[in-house]
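*Asks:* no sequence for this one, just the structure:
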């Protein structure tokens with residue numbers, strides 16, 4: 001038998017994927033879009049996977065009762081059928097947006113070895129209600145994959161469709177790898193899990209990183225190395241991020257003053273609160289409270 005007959009017919013497979021898509025569209029939205037200062041969009045939901053790369057400015061996303069802030073260089077991946085509201089920052093926001101129906105990912109089920117048979121994990125499983133919003137930081141590979149898809153869809157050069165399908169396969173694997181290495185690795189490390197749980201339970205109190213390290217039974221230095229390895233940030237940055245996300249929620253849902261929010265979220269100094277808040281959100285607490 002000719003050995004070439006046993007080769008996987010990749011070209012045919014790529015064409016079949018394109019032809020089998022609902023509406024035969026590779027994306028519903030692919031664009032750069034600008035938002036004015038504090039411009040809101042939502043609440044809304046849709047059956048598409050939505051990926052936004054923050055090219056310029058800051059923004060926040062409300063998903064159910066949780067508010068997540070994003071700054072320049074970070075990405076948000078929103079799972080289908082999850083209600084969310086977007087709000088741009090004080091100086092506006094520029095996003096690279098890509099929205100597509102998840103069925104393109106489901107079509108990859110027939111490609112050998114895409115599913116890790118040893119673990120039984122399916123990469124598409126990351127887009128579940130358990131991961132309503134995936135925040136991606138310090139990952140140029142995912143951003144570049146999104147950019148390549150948008151470029152091909154915009155310019156439509158020869159054979160762009162099979163190339164976009166391959167880029168989608170790359171994107172799926174990169175997001176799965178990120179979630180697996182960052183989110184799931186946290187759960188596999190009992191020290192890090194214990195530290196994060198302590199921060200979530202006590203962020204509103206006057207705690208220090210030494211307190212977190214003492215609770216977990218490790219040195220502050222080792223704790224910093226864990227956070228850097230798995231989360232790409234220091235324990236203090238994580239603590240401040242948790243506090244400021246809560247502060248944004250209080251500003252949106254209450255009439256508390258800046259000083260009241262500051263102390264309620266665990267900050268001892270309004271000045272430091274203002275500096276940390278502006279660093280994460282791009283605006284001052286006073287602007288947010290208006």
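*Replies:* Good, I have the coordinates. What you are looking at is a predicted structure, and each value in this text was computed from that prediction instead of being measured.
*Asks:* just checking, what packs against the helix or strand residue 251 falls within?
*Replies:* With elements taken from DSSP states H and E, the one containing residue 251 is helix 235-253. If you count contacts as 3 or more C-beta pairs under 8 Å, 6 or more residues apart in numbering; DSSP states H and E, helix 235-253 packs onto strand 66-71, helix 190-202, helix 209-216, helix 220-231, helix 258-264, helix 270-281, helix 285-289. For the C-beta atoms, the positions are set from N, CA and C on the backbone; glycine is no exception.
*Asks:* looking at the ones you listed, which is closest to residue 21?
*Replies:* Residue 21 lies closest to strand 66-71 among the helices and strands packed on helix 235-253, at 29.4 Å (C-beta to C-beta).
*Asks:* what angle sits between that closest one and helix 270-281?
*Replies:* 80 degrees (axes from the mean of the first three to the mean of the last three C-alpha atoms, to 10 degrees).
*Asks:* give me the buried stretch members for strand 66-71, please.
*Replies:* Across strand 66-71, burial judged by 16 or more other C-beta atoms under 10 Å covers 67, 68, 69, 70, 71.
*Asks:* on that earlier part again, contacts for the helix holding residue 251?
*Replies:* For helix 235-253, contacts defined as C-beta atoms under 8 Å, 6 or more residues apart in numbering pick out 60, 62, 65-69, 195-196, 199-200, 203-204, 207, 209, 212-213, 220, 223-224, 227, 231, 233, 256, 261-262, 264-267, 273, 276-277, 280-281, 285, 288-289.
*Asks:* let's see that with 6 Å instead.
*Replies:* By C-beta atoms under 6 Å, 6 or more residues apart in numbering, the list of residues contacting helix 235-253 from outside reads 60, 67, 199, 203, 209, 212, 223, 227, 256, 261, 265-266, 276-277, 280, 288-289.
*Asks:* report the buried residues of it.
*Replies:* For helix 235-253, the neighbour count (16+ other C-beta under 10 Å) marks 235, 237-251 as buried.
*Asks:* and the gap between residue 12 and residue 159?
*Replies:* Using C-beta to C-beta, to the nearest Å, residue 12 is found at 14 Å from residue 159.
*Asks:* cool, residue 202 as well?
*Replies:* Taking C-beta to C-beta as the measure, residue 202 falls 56 Å from residue 159.
*Asks:* what's the closest of the helices and strands packed on helix 235-253 to residue 38?
*Replies:* Closest of the helices and strands packed on helix 235-253 to residue 38 is helix 285-289, at 8.5 Å (criterion: C-beta to C-beta).
*Asks:* list the beta-bridge partners for the closest residue to residue 48 other than its chain neighbours.
*Replies:* Sequence neighbours aside, residue 99 is the residue nearest to residue 48 in space, at 4.4 Å (criterion: C-beta to C-beta, 6 or more residues apart in numbering). Bridge pairing for residue 99 (DSSP bridges) gives the partners residue 29, residue 50.
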